[in-house]
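Undergrad: no sequence on this one, just coordinates:
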């Protein structure tokens, strides 16, 4: 069974940091581009960051640029999202997603991705 599982969410004060992990089971992430998305209550799911299969292409949305860092460790079959300088507006459920794509590209649109995790809640509040 192909599955993605996010972890690392929680409650953090403004200015704090969290690192989200996205572990894959049942398939090898080596062949997949990975995206991170978030959805706040009453809002549409939005792209946060994505990384190509090789890691050579990385994109960030403007609200998180300079604060979030996406990475991947293919040996551990895991992707990460390091989130620093968190703001209350970063509060959302965060999802990772994967799509098998051979090229060195990634796409911030959620419709591009095939497999999704169940999400992890991130709450930024004092």
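TA: Thanks, I have it. Since the model is a prediction, treat every value here as computed from it, not as a measurement.
Undergrad: for the spatially most central residue of the chain, phi and psi?
TA: Nearest to the mean C-alpha position of the chain, by Cα atoms, centre = their mean, lies residue 36 at 2.4 Å. Phi and psi for residue 36, reported as degrees, to the nearest 10, are phi -110, psi 140.
Undergrad: give me the beta-bridge partners of it?
TA: Per DSSP bridges, the residues bridged to residue 36 are residue 49, residue 96.
Undergrad: mind jotting down where the strands sit in this structure?
TA: Counting by DSSP state E, the chain has strands at residues 3-7, 10-12, 18-25, 32-39, 46-51, 58-60, 68-73, 78-83, 92-100, 115-116, 120-124.
Undergrad: do I have it right that residue 118 meets residue 5?
TA: Yes. Using Cβ atoms under 8 Å, residue 118 is in contact with residue 5, at 7.1 Å. Any C-beta I mention is one placed from the backbone N, CA and C, and that applies to glycine too.
Undergrad: between the two, tell me which one has more neighbours.
TA: Neighbour count, other Cβ atoms under 10 Å: between residue 118 and residue 5, residue 5 has more, with 14 against 11.
Undergrad: next one: that one from residue 88, what distance?
TA: Counting by Cβ to Cβ, to the nearest Å, the separation of residue 5 from residue 88 is 26 Å.
Undergrad: how many other residues sit next to residue 18?
TA: Counted with other Cβ under 10 Å, residue 18 comes out at 20.
Undergrad: that one: what's it in contact with?
TA: Going by Cβ atoms under 8 Å, 6 or more residues apart in numbering, residue 18 touches 8-10, 12, 83, 86, 122.
Undergrad: need the max-distance pair from the residues you listed.
TA: Greatest spatial distance among the contacts of residue 18 (Cβ to Cβ): 8 and 86, at 12.6 Å.
Undergrad: neighbour-wise, which of these two wins?
TA: Using other Cβ under 10 Å as the criterion, residue 8 and residue 86 rank with residue 86 on top: 22 against 16.
Undergrad: now do the more buried one against residue 120, distance only.
TA: 14 Å.
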